[in-house]
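Colleague: Sequence isn't available, so here's the structure alone:
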Ligand SMILES: [Zn+2]
């Protein structure tokens, strides 16, 4: 048995980590206290720890890759499972952190997401389908439609800008173009045609108002 100066408890020797500089080759604090101290330190020095970890990772890329490759499938799954559990246990905190990270550099995360979708098309489709099923229930659709109506009523100018933007978008033009599999050139010309039509309509409207 050994006395832990931190929690003031007497515990079996196995409950203490090793410390070669000590006479009994055991740490002065029990493993639980040591873990708590490490955790508190990391929390209080988050930026410093993150920076240090980053430097370590950069300097030991090969070592880390080798270690990861050498892990068994079970070990990898266990690690993924533990990480998932930790995320779930701290869901709100985790989500807030993710949002903050995203807000810092949205372009980076949009790119990462795109890459992931390209690499996992089937999984992405399945997730999108699940999300639609979750979010497109009649009740939720009705709430969204109501919210949308209100927004349009309160933001006529923004709505007009959004409308014009959409009507100049490739997605819209592809939707309404009366040609099967249009080439880029045809898309471009059709867009020009639409803009011209719009402008003519605007001029005509102006004239008719001026006349009347
Ligand atoms: Zn202790």
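Modeller: Cool, got the structure. Computed from a prediction, not measured in an experiment: that's the story for all the values here.
Colleague: got the residues of this structure near the ion?
Modeller: 4, 6-7, 30, 33 (Cβ under 5 Å from the ion). (C-beta placed from N, C-alpha, C; glycine too.)
Colleague: hmm, try it at 8 Å
Modeller: 4-9, 11, 15, 29-34 (Cβ under 8 Å from the ion).
Colleague: what residue ranges in the protein score low on pLDDT?
Modeller: 208-212 (pLDDT under 70).
Colleague: so where's the longest helix in it?
Modeller: helix 184-211 (DSSP state H).
Colleague: which parts of it are buried?
Modeller: With burial defined by 16 or more other Cβ atoms under 10 Å, the residues of helix 184-211 counted as buried are 190-191, 194.
Colleague: Spell out which residues make up each domain of this structure.
Modeller: 1-70, 71-104, 106-136, 140-167, 170-212 (automatic domain parsing).
Colleague: Kindly confirm whether my reading is correct that residue 117 touches residue 124.
Modeller: Yes. Between residue 117 and residue 124 there is a contact under Cβ atoms under 8 Å: 4.3 Å.
Colleague: Helices of the chain, start to end?
Modeller: 31-44, 46-59, 61-70, 73-89, 91-104, 106-119, 121-135, 138-154, 156-167, 170-176, 184-211.
Colleague: need the longest strand for this protein.
Modeller: Identified as the longest strand of the chain according to DSSP state E is strand 26-30.
Colleague: What strands line up against that one, and which way round?
Modeller: Strand 26-30 has its sheet partners listed here by DSSP bridges as strand 16-18 (antiparallel).
Colleague: got the contact list for the partner strand?
Modeller: 2, 4, 25-27, 29-31, 34 (Cβ atoms under 8 Å, 6 or more residues apart in numbering).
Colleague: how about residue 31, what does it touch?
Modeller: 15-17.
Colleague: Out of these, which end up buried?
Modeller: For the contacts of residue 31, a neighbour count by 16+ other Cβ under 10 Å gives the buried set as 15-16.
Colleague: Which member of the contacts of residue 31 is positioned nearest residue 203?
Modeller: Taking Cβ to Cβ as the measure, residue 203 lies nearest residue 17 of the contacts of residue 31, at 82.4 Å.
Colleague: Tell me the spacing between the closest one and residue 121.
Modeller: 47 Å (Cβ to Cβ, to the nearest Å).
Colleague: In the residues of the chain next to the ion, which residue is surrounded by the most others?
Modeller: residue 30 (24 neighbours; other Cβ atoms under 10 Å).
Colleague: Is it correct that that residue is in contact with residue 3?
Modeller: No. At 9.4 Å, residue 30 does not count as touching residue 3 under the criterion of Cβ under 8 Å.
Colleague: Show me the common contact partners of these two, please.
Modeller: residue 9.
Colleague: Please name the residues that touch the nearest residue to residue 12 once chain neighbours are set aside.
Modeller: Here the nearest residue to residue 12 in space, its sequence neighbours aside, is residue 1; by Cβ to Cβ, 6 or more residues apart in numbering that works out to 6.2 Å. For residue 1, the contacting residues are 10-13, by Cβ under 8 Å, 6+ apart.
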